[in-house]
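# The following block contains a protein sequence and its predicted model.
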Amino acid sequence: MLSSIKGLFKKGKDTTVSSKDLFKHGEEEQVATVDSDSDQEEIFPTISFHPLMVMEDEKRYVYQFLSNELPPLKPNQVSLSAIEIVQEENGLSVIAFVRNSLPKSFSLQNVMLLLLNEEGELLAKKLFNLEGLGELPACSSRPHSFFFEADTLVVEEMPESGFQLLFDLSTIVHRLDLETSWEEQLSDTQKDELRQLVSSLPKLDENEVSFHAINAGLQPDGNLTTTLLIRNGAKQAINLEHLPLELRNEHDEIIASGSFKLAPLTIQPNTSKPWTFIFPSELVRLREFTKLSILIPQE
């Protein structure tokens, strides 16, 4: 990762965000925070290497040293501490520590990162899928290489020092949101398929809520089971307690119609959540269909 070991020192700056700001778009349910009455409390994250990361002992010692030299964090913060910029053939890599002071492990998925110079001017911008970063342990500091392709660079000449890597909180990436029961029951392959579906659907308008049918089928007892993807394009969560649903076929004929009482079902801001609805056999009008659409009838 590092271009040179001897004489290496930290050349970039630190940027820090509140976990509430970073995870406010649908991931906060997986991240526990700790209440703190003291603004003076300091947390020193400990070094954490990805389990699959292979490196020489000398590099590990360098990372350990650099991590120990970083300033402490306040409770419930996530920080990007840039170390150096490495020029590559088709772009550049920014080596940085991803640090957190949260009391529970978490992972990051799709995040927009900005590379700025010391004056705050934009150098590069890219949407990263950070599954390769792995799950960050509580109160940890993990080194990672962020590669910016040439077409993501705004300028050609990069500074040797003073640069900073930060989260672009103004960019909201629509993502999959799973209830705990779904997280436990679905395989990794099924979760990946759902994520791909979420990313492939048309972008929602602001404050738009829509329903997308994932599958539907008749059960041996005559009930009709359908799994819908509930999509929330709003900047705030919605709570569904009473939901009338009507399924229609390709000829606009009613397949099934019913009303559902929910717990409520919470859909976080800018996320899509799958949920299964069961229409009792007495509410099923058509038992053969090839396509279906979802309507919310006025009651």
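Looks like it arrived, so ask away. Values in this document were obtained by computation on a predicted structure and should not be read as measured data. Numbers count the residues shown, from 1 in each chain.
# Next secondary structure after the lowest-mean-pLDDT helix or strand in the chain?
For the chain, counting by mean pLDDT, DSSP states H and E, helix 19-22 ranks last in confidence among helices and strands (a mean of 77). Next along the chain after helix 19-22, taking DSSP states H and E as the criterion, comes strand 46-47.
# pLDDT below threshold where in this structure?
Across the chain, residues meeting the criterion (pLDDT under 70) sit at 1-9, 24-40, 170-173, 235, 299.
# how does it look with 80?
When residues are selected by pLDDT under 80, those of the chain lie in 1-9, 20-40, 109-110, 169-174, 206, 234-237, 269, 298-299.
# okay, now the domains of it?
With domains defined by automatic domain parsing, the chain comprises 14-167, 175-295.
# Quick one: the helices in the stretch 1-150 of the chain, in order.
For the stretch 1-150 of the chain, applying DSSP state H, counting those that start in this stretch gives helices covering 19-22, 57-68.
# Ok, which of those comes nearest residue 128?
Minimum separation from residue 128 across the helices of the stretch 1-150 of the chain (Cβ to Cβ) falls at helix 19-22, 13.5 Å. In short, each C-beta sits where N, CA and C put it, glycine included.
# In space, not sequence, find me the middle residue of the chain.
Nearest residue to the geometric centre of the chain (Cα atoms, centre = their mean): residue 109, 3.9 Å.
# And the least confident helix or strand of the chain, what does it pack against?
strand 77-88 (3 or more Cβ pairs under 8 Å, 6 or more residues apart in numbering; DSSP states H and E).
# for the strand it packs on, packing partners?
Judged by 3+ Cβ pairs under 8 Å, 6+ apart, the packing partners of strand 77-88 are strand 14-18, helix 19-22, strand 91-100, strand 140-149, strand 164-167.
# Can you tell me which of the ones you listed is packed in deepest?
Across the helices and strands packed on strand 77-88, averaging neighbours per residue (mean count of other Cβ atoms under 10 Å) puts strand 91-100 on top, at a mean of 23.
# Parallel or antiparallel, list what pairs with that one.
strand 77-88 (antiparallel), strand 140-149 (antiparallel) (DSSP bridges).
# wait, residue 204 sits on residue 174?
Yes. Contact criterion Cβ atoms under 8 Å: residue 204 and residue 174 qualify, at 7.0 Å.
# Can you check which residues contact both of these two?
Contact criterion Cβ atoms under 8 Å, 6 or more residues apart in numbering; residues bridging residue 204 and residue 174 by contacting each: 231, 233.
# In terms of packing, which of the two has more residues around it?
Legend: neighbour count by other Cβ atoms under 10 Å for residue 204 and residue 174, higher for residue 174 (20 against 16).
# The more buried one and residue 241, how far apart?
Here residue 174 is placed at a distance of 24 Å from residue 241 (Cβ to Cβ, to the nearest Å).
# what's the answer for residue 82, then?
Going from residue 82 to residue 241 by Cβ to Cβ gives 46 Å.
# Out of the two, name the residue with the larger neighbour count.
Neighbours were counted for residue 82 and for residue 241 using other Cβ under 10 Å; residue 82 has more, 24 against 10.
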